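Peer 1: this one's structure only:
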């Protein structure tokens, strides 16, 4: 009479994610790695209790949206602007290095021009969800290096979108379509810019007089509204959600927004991370050539972001610059989407897709593993300069 | 690159539901009617901004689950058991009257035996979501009449499942399959019974020592776990969610469960009610014969539950017995599922399906409209007897 199917899948995902998250925390490892492995465990690769599908993918997307919405709520625009120069540099270098590295590696192992371009493009976009979760867990979201990572992630997504538009345009028509690229650049800059310009006006909104259910209800509308708007123009929904959170950060105390948003996040975000594991087709990676070349691509992906983040954030001191580099390293579904677009355009074959998959899995699991110790190590260093936030603003 | 489709649909649903809910509350009407009409507004019937589909249906189901989970959290088993006799009577009479009424009405207007049985069956199941929301809004969940309604809704669902199993069995094989009916009866009684028997043991669980993310995380597992278990044996998921809430009601203060569950409910429950409106095929109702016969079926559906509830709860005094009757009146998707099963079995035609649809729409909109004034009217009457809860336990 009533179908239990998807409800049961959600149950198994949550059960496994909670247990594995608990296990990893117990051994002082990031819970998020446990949650990803929980997805591998209950996914088709092992137990087969949860599968890829429209519904779970949507729940996962909502999870990422609420995660970044929450992180945005804990982020003030002025703190991002204070490290704006660093964030911009980190984003630009962190896009340039992996792109160039991936492109030339492709040519070096005998790919044609176009597949090499796609390989470079697939290495570009940081997936900030994992890093954000680790920063949140450690209570260091208010640190300057965290602000740099978050600001850079927004710019990174805009840059990644532009690169993809150009490369995909070349794949479709064989020529550089400057018009499309310009239109996308303009749209995404206007979107991010408008959100930033709106921040000073947020305090003037008469929240309790709005024709909505409650101030929290209005906050939900802003979060989901900006996430869908971002998705409509081609940006990641989480970029919209982060900007929405940052807008509402100005009034989060008065409106008591943190607790209810965190409640929704703690329900849905583990589904996001577990679904990363569910999607993992381990069998696609089980070939010697993919393990070999995949490791090289993984290394380029890691070094590219590490170097970009490190050089861009060097003003923060050596150790904190390393944290930024590690924090920018995780790649996610955008890389896979790029590779899938390449497949669809006939510019990329299944083997090249598997290399990108290998790189995504590797960065997803390695980055949080290294992020924790590197933060501990950076926190032991003396305060380098004025841009560092005072300790009392930190949660942990 | 990222699809905005379903995210935008969720946004429009939430936007319309919040505005219409606000509007109805402003005019002292139940917000839930506004939310249903919001779905009609943005649905395919009018603006076409949201559509029926797997993802939104699932979100809606989660919304109903969290609504009844929350209501369960505010309900103690002992309060239900204190009115157990009344709840049982209300459920039995409230199933018998509409079933018999629908069956004979079907025969009277010339239906065959089998379609008449399906018509009776479609009138059986109360959809307690709407009533629960109104009781919650008015802060009267702790009143004896609310306990009777909630207890009766659980028994009603079990009875409805048995009736459906019998009628569907007859439609499939032409004979009464006693084995199937017995199996289903046993399963659902064991399910509800086990949940009830577990209540005294809940306080002994070492919540903070469990290998999960947090006590709230464990509560989520219990809620979604029992909801999926209920769905697996054929009961409504909301019955499982309600029982889960009632189990955890024993420890809700210590574990601070109410605020986070309410946060998730306030996000998802409006989607549930708005989707009721989205599903509304108004065009299917636009025929003179359906309006005429539909009104009669609606009347039988309303009077059947009203009379069953009234007679079953008469010990509470005249006015409170009326509240119980009105509270049991809303029908929902189970009625439509019954009719759809009849369609699939070839025992029901499109016109008869439309009659059931008309009845569901009518009870969904009329019951909350009458429930509010009848509660106000009952609350003005003097306390009738000891079974009434003391006022200080009420929220409103």
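Peer 2: Nice, thanks for sending it over. Please read all numbers here as calculations on a predicted model, not as lab measurements.
Peer 1: mind listing residues that contact the worst-scoring helix or strand of chain A on mean pLDDT?
Peer 2: Taking mean pLDDT, DSSP states H and E as the measure, the helices and strands of chain A show their lowest mean at helix A:333-344, namely a mean of 83. Under the contact criterion CB atoms under 8 Å, 6 or more residues apart in numbering or on different chains, helix A:333-344 has outside partners A:114-115, A:118, A:121-125, A:127, A:157, A:160, A:164, A:168, A:171, A:236, A:348-350, A:352-353, A:356-357, A:359-360, B:1-2. (Each C-beta comes from the backbone N, C-alpha and C, glycine too.)
Peer 1: just the buried ones from those residues, in PyMOL syntax?
Peer 2: Buried members of those can be picked out in PyMOL with the line below, counting by 16 or more other CB atoms under 10 Å in any protein chain shown:
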select buried, (chain A and resi 114+115+118+121+122+123+124+125+127+157+160+164+168+171+236+348+352+353+356+357+359+360) or (chain B and resi 1+2)
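Peer 1: returning to that earlier point: what's downstream of the least confident helix or strand of chain A, the next helix or strand?
Peer 2: helix A:350-380 (DSSP states H and E).
Peer 1: okay, buried residues for that next one please.
Peer 2: A:352-368, A:370-372, A:374-375, A:378-379.
Peer 1: and if you look at stretch A:332-340?
Peer 2: Quick answer for stretch A:332-340 (16+ other CB under 10 Å): A:332, A:333, A:334, A:335, A:336, A:337, A:338, A:339.
Peer 1: how far does the host helix or strand of residue A:253 sit from its chain's centre?
Peer 2: Secondary structure assigned from DSSP H and E places residue A:253 in helix A:252-255. Relative to its chain's centre, helix A:252-255 lies at 26 Å (CA atoms, centre = their mean, to the nearest Å).
Peer 1: pull the residues that contact it.
Peer 2: A:73, A:207, A:215, A:216, A:219, A:248, A:258.
Peer 1: wait, the first one sits on residue A:261?
Peer 2: Read it as residue A:73. Yes: between residue A:73 and residue A:261 a contact is recorded at 6.1 Å, counting by CB atoms under 8 Å.
Peer 1: contact partners for residue A:98?
Peer 2: Here residue A:98 is in contact with A:120, A:123, A:124, A:300, A:301, A:304, A:305, A:308 (CB under 8 Å, 6+ apart).
Peer 1: can you get me a residue count around the closest residue to residue A:370 other than its chain neighbours?
Peer 2: In space, and not counting its chain neighbours, residue A:370 is closest to residue A:326: 5.1 Å by CB to CB, 6 or more residues apart in numbering or on different chains. Other residues lying near residue A:326 total 29 when counted by other CB atoms under 10 Å in any protein chain shown.
Peer 1: anything in contact with each of residue A:73 and residue A:261?
Peer 2: residue A:245.
Peer 1: give me the element the nearest residue to residue A:243 once chain neighbours are set aside is part of.
Peer 2: Distances taken as CB to CB, 6+ apart place residue A:195 nearest to residue A:243, at 4.0 Å, with adjacent residues excluded. For residue A:195, the host element (DSSP H and E) is helix A:178-198.
Peer 1: what packs against the helix or strand following that helix?
Peer 2: On the C-terminal side of helix A:178-198, the nearest following helix or strand under DSSP H and E is helix A:215-233. If contacts are counted by 3 or more CB pairs under 8 Å, 6 or more residues apart in numbering or on different chains; DSSP states H and E, helix A:215-233 sits against helix A:54-73, helix A:178-198, helix A:237-249, helix A:252-255, helix A:258-278, helix B:5-26, helix B:258-278.
Peer 1: which of these sits most buried?
Peer 2: helix A:237-249 (a mean of 28; mean count of other CB atoms under 10 Å in any protein chain shown).
Peer 1: let me see the confidence value for the residue of the stretch 1-150 of chain A found nearest chain B.
Peer 2: Distances between the stretch 1-150 of chain A and chain B by CB to the nearest CB are smallest at residue A:4, namely 3.5 Å. pLDDT, residue A:4: 77.
Peer 1: from residue B:319, how far out is it?
Peer 2: 40 Å (CB to CB, to the nearest Å).
Peer 1: give the burial count for the nearest residue to residue A:45 once chain neighbours are set aside, as a bare number.
Peer 2: Spatial nearest neighbour of residue A:45, excluding adjacent residues (CB to CB, 6+ apart): residue A:282 at 4.9 Å. Residues lying near residue A:282 (other CB under 10 Å) number 13.
Peer 1: pretty sure residue A:282 contacts residue A:41?
Peer 2: No: Residue A:282 lies out of contact with residue A:41 (CB under 8 Å); the separation is 11.7 Å.
Peer 1: pull up the gap between residue A:248 and chain B, please.
Peer 2: 15 Å (CB to the nearest CB, to the nearest Å).
Peer 1: what residues are up against that residue?
Peer 2: Counted by CB under 8 Å, 6+ apart, residue A:248 has contacts A:72, A:73, A:202, A:219, A:222, A:223, A:255, A:257.
Peer 1: likewise for residue A:221?
Peer 2: Counting by CB under 8 Å, 6+ apart, residue A:221 has contacts A:212, B:11, B:14, B:15, B:18.
Peer 1: from memory the second one sits against residue A:223, does it?
Peer 2: No: Residue B:11 sits out of contact with residue A:223 when judged by CB under 8 Å, with a separation of 9.5 Å.
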